[in-house]
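here is the input, now give the coordinates:
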Amino acid sequence: MPVLDGIEAAQAIRAERPDACILMLSGSSSRADVERARRAGVAGYVTKDRVAAELIDAIVEIAKPS
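Predicted coordinates for the structure are as follows:
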């Protein structure tokens, strides 16, 4: 992303909309990146190498009312 990375974007979104439900799609599967995303307030983290069905399952899971 040209201005912010995904984690910075998630932080900005959550600052503006604390109720936003964010699913991060990333090329990185590093534990450190996943943890940074969680601390930024994302509801889920999916790597780009996952198959489409798993991505759909992740979207459905975070969209469930809590």
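
before we move on, which element is the most centrally placed residue in the chain in?
Taking C-alpha atoms, centre = their mean, the centroid of the chain lies closest to residue 24, which sits 2.1 Å from it. If you go by DSSP states H and E, residue 24 is part of strand 23-26.

which parts of that strand are buried?
Buried residues in strand 23-26, counting neighbours by 16 or more other C-beta atoms under 10 Å, are found at 23, 24, 26. To be clear about C-beta, it is placed using only N, CA and C from the backbone, and glycine gets the same treatment.

can you tell me the helix or strand for residue 11?
Residue 11 belongs to helix 6-16 when assigned by DSSP H and E.

what do you get for residue 62?
Using DSSP H and E, residue 62 sits within helix 52-63.

quick one: list the elements packing against that helix.
Contact partners of helix 52-63 among helices and strands, from 3 or more C-beta pairs under 8 Å, 6 or more residues apart in numbering; DSSP states H and E: strand 23-26, strand 44-47.

show me how far the last one is from its chain's centre.
When C-alpha coordinates are averaged (C-alpha atoms, centre = their mean, to the nearest Å), strand 44-47 and its chain have centres 6 Å apart.

what does that strand contact?
22-29, 34, 37-38, 54-55, 58, 61-62 (C-beta atoms under 8 Å, 6 or more residues apart in numbering).
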